[in-house]
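> need a 3D model of the following:
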Amino acid sequence: MNRSIDTIIFDLGGVLIDWNPEYVFRKIFDDEEEMHYFFREICTPEWNAQQDAGRPLAEATEWLLERHPEYEAEIRAYYGRWEEMLGGALEDTVHILERLHSQGSHRLYALTNWSHETFPVALERFPFLHLFEGIVVSGAEKLAKPDPRIYRTLLNRYKVQPQSATFIDDNAHNVATAREIGLHAIHFRSPEMLEEELRELGVLKGPEKNNFPI
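Numbers count the residues shown, from 1 in each chain. Okay, the predicted model is just below:
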């Protein structure tokens, strides 16, 4: 592919970091169906997304408690035990990031939907986050993907030209928006597929080091 890429922008959750609230709530609920009901009707993805967009965690928690007092302990556990939802680094993708960093030929940034109140935990736990020149956190900006304004926030802040940047995200809606504003975007499905696409772009150099099965 004839495209000159000088900047790589990574999503974090689902690409470099494993995060799943079920790690906590499988310990809380004996009944799996009740756990799924809890995520579907109470601590929903839409509710969580509002914290990613900047709503304070205490406010979000109290809002739910007013509506579902029968689930008080479970609701308080969502952010009270939030650190347990971090399953760890997705090491194969982290290795790709580290190789890109060691090459020194591309600017590296991150664009993540994440509460600004919990993100410092990730910064402390995952040293590889400090390989990025900059990280745009949705909660701090009060904007979240796929709103095109948050992509432009990163592009403007770090003077990145969209036509010379590649964006990597596991969410198809986020990828679609990135493409609409001119970024080359990769829909992340696996580290081996990411490595292949970065090699096709001419971004990743040298021998394969992750020993992915063929």
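
> how about S164, nearest residue that isn't a chain neighbour?
D6 (5.0 Å; C-beta to C-beta, 6 or more residues apart in numbering). (Glycine included, C-beta is placed from N, CA and C.)

> same deal with D147?
T177 (7.8 Å).

> neighbours of that neighbour, how many?
Neighbour count for T177, taken as other C-beta atoms under 10 Å: 20.

> sec struct for it, please.
helix (DSSP: H, G, I helix; E, B strand; the rest coil).

> need the pLDDT of the residue nearest to S164.
Turning to D6, the model gives it a pLDDT of 97.

> got phi/psi on it?
Main-chain dihedrals, D6, degrees, to the nearest 10: phi -120, psi 0.

> spit out the contact partners of I5.
Shown in contact with I5 (C-beta atoms under 8 Å, 6 or more residues apart in numbering): 106, 164-166, 184, 201-203.

> what's in contact with stretch 153-169?
Contacts of stretch 153-169 (C-beta under 8 Å, 6+ apart): 3-11, 15, 107, 109, 111, 133-134, 136, 141, 143, 145, 151, 175, 178, 181-188, 194, 198, 201, 203.

> for that stretch, measure first residue to last.
17 Å (C-alpha to C-alpha, to the nearest Å).

> can you put the contacts of I5 in a markdown table and add secondary structure, pLDDT and distance to N156?
Formatted as a markdown table, the contacts of I5 follow (DSSP: H, G, I helix; E, B strand; the rest coil; pLDDT from 0 to 100; distance: C-beta to C-beta, whole Å):
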| residue | secondary structure | pLDDT | distance to N156 |
| --- | --- | --- | --- |
| H106 | coil | 97 | 19 |
| S164 | helix | 97 | 15 |
| A165 | strand | 98 | 13 |
| T166 | strand | 98 | 18 |
| H184 | strand | 97 | 18 |
| L201 | coil | 94 | 24 |
| G202 | coil | 93 | 26 |
| V203 | coil | 95 | 23 |
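
> take those and lay them out in TSV including distance to M35 and neighbour count.
Conversion of the contacts of I5 to TSV gives the following (distance: C-beta to C-beta, whole Å; neighbours: other C-beta atoms under 10 Å):
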residue	distance to M35	neighbour count
H106	41	18
S164	45	16
A165	39	24
T166	37	21
H184	39	20
L201	41	17
G202	45	12
V203	40	21
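
> what's stretch 95-102 in contact with?
8, 10, 16, 106, 108, 128, 131, 191, 194-195, 198, 203-204, 206, 209-210.

> among those residues, which lie within strands?
8, 10, 108 (DSSP state E).

> in contact with E66, which residues?
Counting by C-beta under 8 Å, 6+ apart, E66 has no contacts.

> can you give me the domain boundaries for this protein?
Using automatic domain parsing, the domain parsing of the chain gives 7-16+90-200, 20-86.
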